[in-house]
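A.B. asks: sharing a sequence plus its predicted fold:
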Amino acid sequence: MSHEDSTSELNTQEGSISHVKDQQDDHSQRSQPNEALLQARQRRKIAQLEEKLETLESGRAVKAKQTNYYVSQGRAIRRIVTLFDTIEDLIAENDRRYEVEDDADSSIDEDRLQIGYAALMGTLSWLPAKARDMEYDDYIRMLKLLRQGADSARGDDTSKLKVLVAEWVNREFKPDPLIDADDKHSRGFTSDACGKLLCPAELDWSNPVVRAGIRDRSDGHIVTDLSFPTFLYDKYTTNLDDLEEGLFKSKILLQAYKAVFTSPSSAKDTEGDGDGIDIIQNNRRATRSAFGGVKVKKHVAQIIQMKKVTPRSIAYIACQVRFALSSVTSWRSVDGDFDYEQFWRTIVDFFEKAPGRVARRRVNALLEWWTRKVFGRNNRDELTSTAKANMSVNALARQRAQRDDASFDSS
């Protein structure tokens, strides 16, 4: 090959290499904007996904908060509104009354439901407005969560009283063997102590024939909800000539009420009229801790802003105590021949359906006794404007103003 040919071939190769480099540079220059666009799209996609995730998490947080609210609000329902009726039943009865004449007759059951509806509105005053603005599925979900909270609270109270009632019976009656706080099988009529408290008021548990008859469920000794159990009576004794005497004034009933609605420690004090000191001290601790940033657990009565004992709350506790004394291991509405639902209704009707003015006065006096025992003698919120105006602080302010006015007029 000549020198000129070699030079020509070399130039050709160099030209080819240069051309390839130019193509690569050109491709590189064109690809850089494409990569930048791709990265930008990816960043936007990531931002959109993060936004969606944040929205989902926010929605879940709102839903979780809403769930907790409904469940917590529902915890009062079984305790002070109704132990067995559903919210739907209460609302349906109220709706029914809008569709009938004002003077239309109603049954005892219907009246009981309507009073329950009023109690529900007093407890969950936000419910009608919330329900009115809801979609149907959301409304059904809300009712389910309220019911969940209601049943959960009843279960918690049942577990608490299972232990406490055993302790109280052991302390007062000293049975041999002692009642096992964790075992229900040793309770009921097989236990002399529990049997005495569960015995119908019209029967005498100390009579061996009565004890044997109740345990054998023989004729004349069948225990049903048609008999008031002895544990409802003061000192667990009954005056057969006056069955109202001492009814709903028993120590164990009061202990259970205070254990559920105020605190287990407050249940230790059942003698005397009570001054609400345990509640007052708890309120003071809560106030001090609010400034210190420390949370103090409120009792049930504080949470639901309960200041008076109500008929339905007494009926609720009576059912709980009866169950705690029995040998039945899981909550049910019927225990053999004893119907808890009818038992609850009987107690509610005793208070809410008094047959006349004398009976009504006796019921009111009994409720006042209960409120005094549980919440003390604090009647400040019930003072009338006239009573407040005549008290010395307000009277002095009025006198000082009158003197100033008289001095101004005479100058």
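C.D. replies: Yes, it's here.

A.B. asks: low-scoring stretches of the stretch 1-150 of the chain, by residue?
C.D. replies: 1-33, 58-59 (pLDDT under 70).

A.B. asks: now the strands: where do they sit in it?
C.D. replies: Along the stretch 1-150 of the chain, no segments are classed as strands by DSSP state E, counting those that start in this stretch.

A.B. asks: okay, now the unreliable bits of the stretch 201-350 of the chain?
C.D. replies: 272-297.

A.B. asks: all helices of the stretch 101-250 of the chain, in order?
C.D. replies: 108-123, 127-132, 136-173, 192-198, 208-216 (DSSP state H, counting those that start in this stretch).

A.B. asks: in the protein, which residue is closest to the centre?
C.D. replies: Geometric centre of the chain, nearest residue: Arg75, 2.1 Å, by C-alpha atoms, centre = their mean.

A.B. asks: just give the nearest non-adjacent residue to it, would you?
C.D. replies: Distances taken as C-beta to C-beta, 6 or more residues apart in numbering place Ala153 nearest to Arg75, at 3.8 Å, with adjacent residues excluded. Any C-beta I mention is one placed from the backbone N, CA and C, and that applies to glycine too.

A.B. asks: and that neighbour, what does it touch?
C.D. replies: Gly74, Arg75, Ala76, Ile77, Arg78, Arg79 (C-beta atoms under 8 Å, 6 or more residues apart in numbering).

A.B. asks: surely the residue nearest to the centre of the chain meets Asp151?
C.D. replies: No - the criterion here is C-beta atoms under 8 Å, and Arg75 misses it with Asp151 at 9.4 Å.

A.B. asks: A helix includes Ala401, no?
C.D. replies: Yes - Ala401: assigned to a helix according to DSSP: H, G, I helix; E, B strand; the rest coil.

A.B. asks: what's the burial count for it?
C.D. replies: As a burial measure, Ala401 scores 10 neighbours (other C-beta atoms under 10 Å).

A.B. asks: do the same with Phe343
C.D. replies: Neighbours of Phe343 using other C-beta under 10 Å come to 23.

A.B. asks: gap between it and Phe350?
C.D. replies: Phe343 sits 11 Å away from Phe350, taking C-beta to C-beta, to the nearest Å as the criterion.

A.B. asks: please apply the same query to Glu271.
C.D. replies: Applying C-beta to C-beta to Glu271 and Phe350 gives a distance of 25 Å.

A.B. asks: export the helices of the stretch 101-250 of the chain as TSV, with columns for distance to Phe228.
C.D. replies: What follows is the helices of the stretch 101-250 of the chain, written out as TSV (distance: least, C-beta to C-beta, whole Å):
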stretch	distance to Phe228
helix 108-123	19
helix 127-132	34
helix 136-173	18
helix 192-198	11
helix 208-216	15
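
A.B. asks: and of those helices, who's closest to Glu57?
C.D. replies: helix 136-173 (20.0 Å; C-beta to C-beta).

A.B. asks: just the buried residues of that closest one, please?
C.D. replies: 141-143, 145-147, 149-150, 153-154, 157, 160-162, 164-166, 168-170, 173 (16 or more other C-beta atoms under 10 Å).

A.B. asks: kindly report the same for stretch 85-96.
C.D. replies: Neighbour counts over stretch 85-96 (16+ other C-beta under 10 Å) mark Asp85, Ile87, Leu90, Ile91, Glu93, Asn94 as buried.

A.B. asks: go on, stretch 333-340?
C.D. replies: For stretch 333-340, burial by neighbour count (16+ other C-beta under 10 Å) applies to Asp335, Phe338, Asp339, Tyr340.

A.B. asks: closest to Ile179 out of those residues?
C.D. replies: Closest approach to Ile179 among the buried residues of stretch 333-340 (C-beta to C-beta): Asp335, at 17.8 Å.

A.B. asks: need the contact list for that closest one.
C.D. replies: Residues near Asp335 by C-beta under 8 Å, 6+ apart: Phe323, Ser326, Val328.

A.B. asks: the same query, at a cut-off of 7 Å, please.
C.D. replies: Ser326, Val328 (C-beta atoms under 7 Å, 6 or more residues apart in numbering).

A.B. asks: show the backbone phi and psi for it.
C.D. replies: Main-chain dihedrals, Asp335, degrees, to the nearest 10: phi -120, psi 100.

A.B. asks: my read: Ile179 touches Trp168, true?
C.D. replies: No - applying C-beta atoms under 7 Å, one finds Ile179 not in contact with Trp168, separated by 9.4 Å.

A.B. asks: any common contacting residues for these two?
C.D. replies: Joint contacts of Ile179 and Trp168 (C-beta under 7 Å, 6+ apart) do not exist.

A.B. asks: returning to that earlier point: okay, Glu271 and Phe350: which has more neighbours?
C.D. replies: Phe350 (19 against 9).

A.B. asks: so how far is Arg312 from that one?
C.D. replies: Taking C-beta to C-beta as the measure, Phe350 falls 11 Å from Arg312.

A.B. asks: equivalent analysis for Phe323, please.
C.D. replies: For Phe323, the distance to Arg312 - C-beta to C-beta - is 17 Å.

A.B. asks: do the same with Ile115
C.D. replies: From Ile115 to Arg312 the distance is 8 Å (C-beta to C-beta).

A.B. asks: so between the two, which is more surrounded?
C.D. replies: Using other C-beta under 10 Å as the criterion, Ile115 and Arg312 rank with Arg312 on top: 23 against 19.

A.B. asks: what kind of secondary structure is the more buried one in?
C.D. replies: Criterion first, three-state DSSP; result for Arg312: helix.

A.B. asks: can you pull the contacts of it?
C.D. replies: Contacts of Arg312 by C-beta under 7 Å, 6+ apart are Ile80, Val81, Thr82, Ala119, Val348.

A.B. asks: and if you look at Leu127?
C.D. replies: By C-beta under 7 Å, 6+ apart, Leu127 has no neighbours at all.
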